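K.L.:
I would like the atomic coordinates for the input below:
(2 chains, ligands or ions: 2)
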Protein chains: 2
Amino acid sequence: MSKSLEDYEKLQELGKEIRTLSGVAMLLEWDQETYMPKGGITSRSEQVELISFLIHEKKTSATFKKALEKLIDLESGELKGEDLSNRKKRSVEEFYGEYIKDAKLPADFVKKLAKANSKGTHAWQKAREENSFEAFLPYLENIVTLNQQKAAYLGFKDHPYDALLDLYEPGVTTQELDTLFGTLKPFLTDLTKKLAAKKKVSTAFLTAQFPRDKQMEFCHFLLDKMKLDPEKFRLDFSTHPFCTAPHPHDVRLTTHTSSSGFFKNISAVMHEGGHALYELGLPVEDFGTPLAEYCTMGIHESQSRWWECFIGQGRPFWEFAYPKLLEIFPEQLQGITLDHFYQAINQVEPSLIRVFADEVTYILHIILRYEIEKEFIAGTLNLADLPHIWNEKMENSLGVTPDTDMNGCLQDVHWSCGLIGYFPTYALGNIYASQFFDTFQKTFPDWEMRTTNGDLAFIRHFLLEKVHRHGREFPALTLIERATGAPLSPQPYMDYLTKKYSQ
Amino acid sequence: MSKSLEDYEKLQELGKEIRTLSGVAMLLEWDQETYMPKGGITSRSEQVELISFLIHEKKTSATFKKALEKLIDLESGELKGEDLSNRKKRSVEEFYGEYIKDAKLPADFVKKLAKANSKGTHAWQKAREENSFEAFLPYLENIVTLNQQKAAYLGFKDHPYDALLDLYEPGVTTQELDTLFGTLKPFLTDLTKKLAAKKKVSTAFLTAQFPRDKQMEFCHFLLDKMKLDPEKFRLDFSTHPFCTAPHPHDVRLTTHTSSSGFFKNISAVMHEGGHALYELGLPVEDFGTPLAEYCTMGIHESQSRWWECFIGQGRPFWEFAYPKLLEIFPEQLQGITLDHFYQAINQVEPSLIRVFADEVTYILHIILRYEIEKEFIAGTLNLADLPHIWNEKMENSLGVTPDTDMNGCLQDVHWSCGLIGYFPTYALGNIYASQFFDTFQKTFPDWEMRTTNGDLAFIRHFLLEKVHRHGREFPALTLIERATGAPLSPQPYMDYLTKKYSQ
Ligand SMILES: [Zn+2]
Ligand SMILES: [Zn+2]
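P.N.:
Ligands and ions are numbered 1, 2, ... in the order given. Reported below is the predicted structural model:
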């Protein structure tokens, strides 16, 4: 074994310890949302806090630094292990990138941040219940100030927002987003107006009573069809659906059921199932290194939106799945044709709440938040004016005005827990997915027929080849270019929507 | 605050970190037995191993040593914090006792032990399936040798077995057990013979089909009656029932159901419910110190056997609970009177398997193992002869001979995972419980009427006062003497059995 390879394996060993501890933290959080007795909450917070501290300690330890230093110059970022494979070189660079980011934030500041976020989340929950933006304002002010400081610590070239964006979607800049969103916003506003004016089908049947165990029978049928390995995942219930992966062989997804919200449940399961397939498809032999991690949050979201929207709200999929659904719910769906069903689940209608938005209006919700966040960080927005600005923007882009802040600027948890710079990844998820989908359609001209026949395995395989197995080997924009042969563009998304909604 | 109190709080802080990590390990193990997907097993082992390593690191760290040293002389064991309360002084002594034990075992040896135990468990599982003692023999030899070394490292006065016993039941010695078991063995052998000769009622109804969800309805009814706080525990399923407490406010118990084993399920739930009540009743304000830990394994088992046998196989309890049972299972229990039911669940019959043994023969199973273990450690038993010796002892004390080693010396997991010196705690559990029960009956002369009326809260309260709230403040034998006014004695147990089984 070459000296560099030995050094690399040593680094992976340390990375594995860190990733193993992260896996423990993920399991603790999963348990908290699924099975933990209420009384466990205080001790659970202490457990998570302690594990997080140990992770931080290991990430910034002298041992780790020494191991990393053998493979890369910490000052210049120049690689030392010249005889390593290109993959491993990229891995070292990613190790280094993370290390540098971690080292830039002083330990005291990280603690302060964690405290502000935890307090902010509690305050937000209360403020939301009471529909009182004023009660939340001081916490938001604190969080925004801390995020400005965070951006300063992390450093940036053009816009301080870039520093935050880089934490969730490295490689994408504010400038890039301005261009993307600049093209998409008028297009989507226009399309929304056109579609909202169209005649609607009745969607009343969607909120009929669908027994929860029958819903879950269908959900498990879907996950099975999507080819999630039954020995490596499980599906449980939580207030908000999520997916977490303590290890690529131990992936946990959750959904939420209510007897009158069966399609929300199906959407959630396909969405989280898409996230899960990504985690299940990461190269496990690289566990502990960035190569076995997801590329970016946006790429992760592209995988979930792929299954939720591009497949799961598509016609070929329901050609296949609707008969099964009818079989399970003959009464509830009596008289509802496939055509009717398909139109009902693809209704476009401007609405107040992001998480319930359709494919067309969704990104408009994100762009609104992005515009506001940029101003947060630039310091050009008087935070007390937020409700007013929010409502104005909603009116301008979606043509609706929130009745209350609860349904307006207080609807999302993100800002309250310090996540500024995160929202764009939701939009990027859709844009990435559409670009993959474009290539997918060209690669498999018969994809509709195959899907209609209930063969979804080849879809999973396509994503595995193009995305999953690469982990973090390539930056997001490179991954996309390699997978699709073209640089990032909003065009495929616009084409996809135009085609789908003109039918 | 006095200097000593400050030092004590610092020590508790460190103890809390250690106990928090133990809680994490417990949750990981709970998840492994209840919900983890099969594929997670390798990463789960790595998680548990890493957390265990971190615990060991913290327990033996210079920081911990320094904090402990401020309150006690590590050489002489003499207390320094003279102005501490007596409780806190005991706490420091217990901290010290554990520290000394941990320090006695070299880190390399602990690793070797862990490896041998893990290999031994796998080998035992296989050997048991194949009913091949020979396949297990080399692993057993290794484990016995390591336990002899362990005893030597730990040190002892009279018998090397004392050193191992001290790990699970500190304060009780081989001499003490010899006296106890010396009295009990002939008594129990005799009683067993007498009772086995008696006419039996039919127990066929116990293995009828009891739907599992209905069983669980009854189990939850019982736990509610036992006053387990519903916000601080949960009940799940696992292959083998167990109870674990990541925190006194987050207690997890499990049971096992099969449609034909409903009484085993009830017994398991009351048994684990008893363990759970102990953990729920520990003084949470002392979390992180020995004061918030269970006293010994034997005292823990006294709490589970109390509910499983002394209450849960008692007549007053079923006077109250049987009508409820009839309500849930009218068909399965049709024609079975309370009398019949009571006799069926208290049938005494010598049998091969410890875990299915009745109240009378149970301790004979333990004594057999104790006699063998002592010889393991003294080195006076040729391990290849184990099956032969086992069968001979079974014939002598219980009058039955195993047909296969699977039902003989290969039935228990304990030795395969290195637990030598643990079995006596099962017997002590029953003996302790009977002594508490004797006092309980004298304290509440109307206990039978109250129980018949369905009031179990006062029973829980009695145990809370006498046992739970003290944690590890007193050694087991002191706790018993304080609670009952008399030193440990086998007499109450003999009286209890004589009275119960002469009726
Ligand atoms: Zn998502
Ligand atoms: Zn027990």
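K.L.:
what about the residue in the stretch 101-250 of chain A that chain B sits nearest to, how many neighbours?
P.N.:
Going by Cβ to the nearest Cβ, chain B is nearest to A:D250 of the stretch 101-250 of chain A, at 3.2 Å. Bear in mind the C-beta positions are built from the backbone N, C-alpha and C, glycine included. Other residues lying near A:D250 total 29 when counted by other Cβ atoms under 10 Å in any protein chain shown.
K.L.:
list the contacts of it.
P.N.:
Neighbouring residues of A:D250 by Cβ atoms under 8 Å, 6 or more residues apart in numbering or on different chains: A:G23, A:K232, A:F233, B:M36, B:P37, B:G39, B:G40, B:S43, B:R44.
K.L.:
how about those in a markdown table, adding secondary structure, pLDDT and neighbour count?
P.N.:
Below are these laid out as a markdown table (DSSP: H, G, I helix; E, B strand; the rest coil; pLDDT from 0 to 100; neighbours: other Cβ atoms under 10 Å in any protein chain shown):
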| residue | secondary structure | pLDDT | neighbour count |
| --- | --- | --- | --- |
| A:G23 | helix | 98 | 25 |
| A:K232 | coil | 98 | 19 |
| A:F233 | strand | 98 | 24 |
| B:M36 | coil | 97 | 20 |
| B:P37 | coil | 97 | 18 |
| B:G39 | helix | 96 | 19 |
| B:G40 | helix | 96 | 26 |
| B:S43 | helix | 96 | 21 |
| B:R44 | helix | 95 | 23 |
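K.L.:
ok, and the closest non-adjacent residue to the residue most central in space within chain A?
P.N.:
For chain A, A:E301 is the residue whose C-alpha lies nearest the centre (Cα atoms, centre = their mean; 3.9 Å). Distance criterion Cβ to Cβ, 6 or more residues apart in numbering or on different chains; nearest residue to A:E301, sequence neighbours excluded, is A:G429 at 2.6 Å.
K.L.:
can you get me a residue count around that neighbour?
P.N.:
Neighbour tally, A:G429, other Cβ under 10 Å: 28.
K.L.:
what distance do you get for it to B:T192?
P.N.:
Separation of A:G429 from B:T192 (Cβ to Cβ, to the nearest Å) stands at 70 Å.
K.L.:
for A:S434, same thing?
P.N.:
Counting by Cβ to Cβ, the gap from A:S434 to B:T192 is 77 Å.
K.L.:
tell me the SS of A:L235?
P.N.:
Classification of A:L235 by DSSP: H, G, I helix; E, B strand; the rest coil places it in strand.
K.L.:
list the contacts of the nearest residue to A:L398 once chain neighbours are set aside.
P.N.:
In this structure, A:L398 finds its nearest non-sequential neighbour in A:P350, 4.1 Å apart by Cβ to Cβ, 6+ apart. A:P350 sits next to A:T192, A:A196, A:T361, A:L398, A:G399, A:V400 when contact means Cβ under 8 Å, 6+ apart.
K.L.:
which of those has the most neighbours?
P.N.:
Neighbour tally across the contacts of A:P350 (other Cβ under 10 Å): the maximum, 24 neighbours, falls on A:T361.
K.L.:
pretty sure that residue contacts A:L398?
P.N.:
Yes. Assessed by Cβ atoms under 8 Å, A:T361 is found in contact with A:L398 at 6.2 Å.
K.L.:
so what's in contact with these two at the same time?
P.N.:
A:T192, A:P350, A:S351.
K.L.:
closest point of the stretch 251-400 of chain A to chain B, which residue?
P.N.:
A:V251 (7.7 Å).
K.L.:
interface residues of the stretch 1-150 of chain A facing chain B?
P.N.:
A:16-17, A:20-21, A:23-24, A:27-28, A:31, A:35-40, A:42-44, A:46-47, A:50-51, A:54 (Cβ under 8 Å from any Cβ of the partner chain).
K.L.:
what do you get for the stretch 251-400 of chain A?
P.N.:
Going by Cβ under 8 Å from any Cβ, the residues of the stretch 251-400 of chain A near chain B are A:V251.
K.L.:
tell me where the model's unsure across the stretch 251-400 of chain A.
P.N.:
Judged by pLDDT under 70, the stretch 251-400 of chain A has no weakly predicted residues.
K.L.:
pull the number of nearby residues for the nearest residue to A:V360 once chain neighbours are set aside.
P.N.:
Distance criterion Cβ to Cβ, 6+ apart; nearest residue to A:V360, sequence neighbours excluded, is A:V348 at 4.7 Å. Neighbourhood size, A:V348 [other Cβ under 10 Å]: 20.
K.L.:
mind telling me what element A:V348 is part of?
P.N.:
Using DSSP states H and E, A:V348 is not contained in any helix or strand.
K.L.:
got the contact list for it?
P.N.:
By Cβ under 8 Å, 6+ apart, the neighbours of A:V348 are A:L191, A:T192, A:L195, A:A196, A:K198, A:D358, A:E359, A:V360, A:T361, A:Y501.
K.L.:
among those, which ones are buried?
P.N.:
A:L191, A:T192, A:L195, A:A196, A:D358, A:E359, A:V360, A:T361, A:Y501 (16 or more other Cβ atoms under 10 Å in any protein chain shown).
K.L.:
biggest separation within these, which pair?
P.N.:
A:A196 and A:E359 (13.5 Å; Cβ to Cβ).
K.L.:
would you mind listing the buried residues in the helix or strand hosting A:I51?
P.N.:
According to DSSP H and E, A:I51 maps onto helix A:41-59. Neighbour-count burial for helix A:41-59, counted by 16+ other Cβ under 10 Å, picks out A:S43, A:R44, A:E46, A:Q47, A:V48, A:L50, A:I51, A:L54, A:I55, A:H56, A:K59.
K.L.:
looking at these, which is nearest chain B?
P.N.:
Nearest to chain B among the buried residues of helix A:41-59, with distances taken as Cβ to the nearest Cβ, is A:S43, at 3.7 Å.
K.L.:
test my guess that that closest one contacts B:H247.
P.N.:
Yes. Assessed by Cβ under 8 Å, A:S43 is found in contact with B:H247 at 3.7 Å.
K.L.:
anything in contact with each of the two?
P.N.:
With Cβ under 8 Å, 6+ apart as the test, A:S43 and B:H247 both reach B:G23.
K.L.:
circling back to that earlier point, isn't the residue nearest to the centre of chain A right up against A:P424?
P.N.:
No. Under the criterion of Cβ under 8 Å, A:E301 makes no contact with A:P424, lying 10.2 Å away.
K.L.:
alright, that wraps it up for me.
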